[in-house]
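> here is a sequence with its predicted model. Questions after.
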Amino acid sequence: MSSDLGIPLRQTAAPAASPSAHPADPAGLHAHLAALQGDLRRADASLSRLLSDWPPGQDGDAYVTVLEERAEQARRIYELEYGARTSLWVFQSGANTVAPVPTTLPDTPDTPDTPDTPETSETSDAVAQEAEGSPLEEPMRKDGNPHAAYRVVVDRAFLYEPAALRALDLRLERGHQVRVVDQPLVKLVVADGERALVQLEPGRSMELRPPLVLLATELFEAVWRRSRPYLREDGDLSSTDRRILQLMLSGLTDAATAHQLGMSPRTVQRRVRALMDTAAVSSRMQLGWYAMRNNWV
């Protein structure tokens, strides 16, 4: 996980419809509005608890730390992950320059599709320099924290990242819960419900401590409820077809999907056509609805 971690930037798109009801269905609309009202009540309760816990006259610096350097942010992400005792809640998005996805994977070969941008090279050099002479004498771990239960949400931008699917498959192998949302995310990691690191903008993050961390935990729970599983293992679909469907639902083009899966765009199109035939539908939109209704994704 030591990839940049990520909260919804803004609600610019309509919320995803329930897979069990069309958005135009009055019953489905009522259920959706009821869910939004529930989220509003929980947010109001969280704010009330936050205000009641805030000590009068307390300096805000005791609860917030701003990190300006990428190397400092990378090191703090690492410390939060491997220092967690019980849980790690993570939002991941694209444009990972603090810790590009391929560099966080064990035994990662040279990846030709990883852009060698000045920003990425500068960040890697900064992280290496920061690591020299640091208190961490052992090599940086990439095996995950066995003591923490991971819950991870990724967005469409993350699925475009080099080695994104390999990273998510590795998470599933390690027993992490992984889900997907269509709304854009800003990076976030919450450790043990006690510390949260939020990326404010590229190269600048903010660490929250209690009671402010409560806002991050409530936000994570709200997004988690709206997300969908990355891959389901039940049913008759192959893992490849499930990945194709997941990437299609996330809005990736056939070319981008083919690149992530290591196949040709024509193969992707052929498999999508076969899935449409199996579902007895005539469009990809109908296939998406069928897949959601029948737990294909």
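Here it is on my side, so go on.

> contacts, neighbours, all on C-alpha from now
Noted.

> could I get the CA-only coordinates of stretch 280-296 as CSV?
Taking C-alpha atoms only, stretch 280-296 is exported to CSV below (Å, rounded to 0.1, in the frame of the first residue of the first chain):
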residue,chain,number,x,y,z
ALA,A,280,-28.9,-12.0,-23.9
VAL,A,281,-28.4,-8.2,-24.2
SER,A,282,-27.7,-6.0,-27.2
SER,A,283,-25.6,-3.2,-25.7
ARG,A,284,-22.8,-2.7,-23.2
MET,A,285,-25.0,-0.6,-21.0
GLN,A,286,-27.5,-3.4,-20.7
LEU,A,287,-24.6,-5.8,-20.0
GLY,A,288,-23.5,-3.5,-17.2
TRP,A,289,-27.0,-3.6,-15.6
TYR,A,290,-27.1,-7.4,-16.1
ALA,A,291,-23.7,-7.8,-14.5
MET,A,292,-24.7,-5.7,-11.5
ARG,A,293,-28.1,-7.4,-11.0
ASN,A,294,-26.6,-10.9,-11.3
ASN,A,295,-23.5,-10.4,-9.1
TRP,A,296,-21.1,-10.8,-11.9
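
> got the buried residues for it?
For stretch 280-296, burial by neighbour count (16 or more other CA atoms under 10 Å) applies to 281, 284, 287-292, 296.

> just those residues: which has the poorest pLDDT?
Taken together, the buried residues of stretch 280-296 show their lowest pLDDT at M292, with 80.

> ok, that one to R228 distance?
9 Å (CA to CA, to the nearest Å).

> how about low-confidence regions in the stretch 1-150 of the chain?
1-61, 108-138 (pLDDT under 70).

> try 80
1-62, 99, 107-139 (pLDDT under 80).

> how about the strands of the stretch 101-250 of the chain, start to end?
Assigned by DSSP state E, counting those that start in this stretch, the stretch 101-250 of the chain shows strands spanning 149-154, 177-180, 188-191, 195-201, 204-208, 228-229.

> which helices and strands sit right next to the first one?
Just to be clear, that refers to strand 149-154. strand 87-92, strand 177-180 (3 or more CA pairs under 8 Å, 6 or more residues apart in numbering; DSSP states H and E).

> what sits up against the longest one?
Contact partners of strand 87-92, identified using CA atoms under 8 Å, 6 or more residues apart in numbering, comprise 3-7, 81, 147-155, 158, 185-193, 220.

> please pick the buried ones from the residues you listed.
By 16+ other CA under 10 Å, the contacts of strand 87-92 give 3-7, 81, 148-155, 158, 185-193, 220 as buried.

> quick check, nearest of the buried residues of stretch 280-296 to L105?
Nearest to L105 among these: W296, at 27.8 Å, using CA to CA.

> give me the phi and psi angles of the closest one.
For W296, the backbone dihedrals are phi -80, psi -30 (criterion: degrees, to the nearest 10).

> for D155, phi and psi?
Dihedral pair for D155: phi -110, psi -180, per degrees, to the nearest 10.

> could you check how far it is from G175?
D155 is 20 Å from G175, by CA to CA.

> S227 now?
Here the criterion is CA to CA. By it, S227 lies 18 Å from G175.

> picking that back up, closest to R166 out of the helices and strands packed on strand 149-154?
Among those, strand 177-180 comes nearest to R166, with 12.8 Å by CA to CA.

> which helices and strands sit right next to that closest one?
So strand 177-180, by 3+ CA pairs under 8 Å, 6+ apart, packs with strand 149-154, helix 164-173, strand 228-229.

> 10 Å - rerun?
Helices and strands touching strand 177-180, as assessed by 3 or more CA pairs under 10 Å, 6 or more residues apart in numbering; DSSP states H and E, comprise strand 87-92, strand 149-154, helix 156-159, helix 164-173, helix 213-226, strand 228-229, helix 239-249.

> alpha carbons of that strand, as PDB, please.
Output of strand 177-180 as PDB, limited to C-alpha atoms (Å, rounded to 0.1, in the frame of the first residue of the first chain):
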ATOM      1  CA  GLN A 177     -11.100  -6.300   1.100                       C
ATOM      2  CA  VAL A 178     -11.000  -4.300  -2.200                       C
ATOM      3  CA  ARG A 179     -13.900  -2.300  -3.600                       C
ATOM      4  CA  VAL A 180     -14.300   0.200  -6.500                       C
END
